[in-house]
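S.K.: Got a sequence here, can you build the structure:
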Amino acid sequence: MTSPSAHSPEPHSIHVSAAVITDAAGGLLLVRKAGTTAFMQPGGKPESGESPAETLARELEEELGLLVDAAALRGLGRFTAAAANEPGFLVVADVFDVDIGSQRPLVSAEIAELRWVTRADAGKLEVAPLAREYFLPSSDPDPRRSR
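M.R.: Modelled structure (predicted):
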């Protein structure tokens with residue numbers, strides 16, 4: 001009999017909704033949850049019966065006090081990356097471009113810290129793979145690699 005560790009099992013996946021929120025200076029809003037070290041895009045896991053957009057609208061209100069209309073969110077697609085806080089897992093994220101207007105995000109719920117992060121700042125922080133690989137602003141003209 002072969003032990004489970006003798007094979008390379010497919011990573012388990014965690015489904016989430018995530019936001020791309022940028023400021024006028026070109027920073028991407030990233031948050032760090034309590035008890036973790038990596039900065040990631042705001043968002044979270046769905047509750048029973050929620051659409052990805054509804055999940056994101058709820059999470060943004062709970063975690064950052066931001067009020068957004070789920071119906072007005074613009075989907076950017078589904079992206080997959082290594083999970084920042086769960087070794088051996090992949091995060092599968094439905095990602096939305098979110099315009100928060102003049103609202104200012106405030107730390108609440110399980111969020112310990114928030115930052116507006118540019119590609120230059122990212123070298124000094126632990127940034128989750130999803131944000132680092134796909135969404136940190138840069139001067140790269142290829143939108144598949146950066147925003």
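S.K.: What's the first helix or strand after the helix or strand bottoming out on mean pLDDT in the chain?
M.R.: Sorting the helices and strands of the chain by mean pLDDT, DSSP states H and E puts helix 119-122 at the bottom, at a mean of 87. Using DSSP states H and E, the helix or strand that follows helix 119-122 in sequence is helix 129-130.
S.K.: roughly how far is that next one from the heart of the chain?
M.R.: Using C-alpha atoms, centre = their mean, to the nearest Å, the distance from the centre of helix 129-130 to the centre of the chain it belongs to is 8 Å.
S.K.: Give the other helices and strands that it contacts.
M.R.: strand 74-82, strand 89-97 (3 or more C-beta pairs under 8 Å, 6 or more residues apart in numbering; DSSP states H and E). Heads up, the C-betas are built off the backbone N, CA and C, glycines and all.
S.K.: And those: which comes nearest P46?
M.R.: Relative to P46, the nearest member of these by C-beta to C-beta is strand 89-97, separated by 9.1 Å.
S.K.: Okay, and the nearest residue to L66 once chain neighbours are set aside sits in which element?
M.R.: Leaving aside its sequence neighbours, L66 sits nearest to L60 (C-beta to C-beta, 6 or more residues apart in numbering; 4.3 Å). Taking DSSP H and E as the definition, L60 sits inside helix 52-64.
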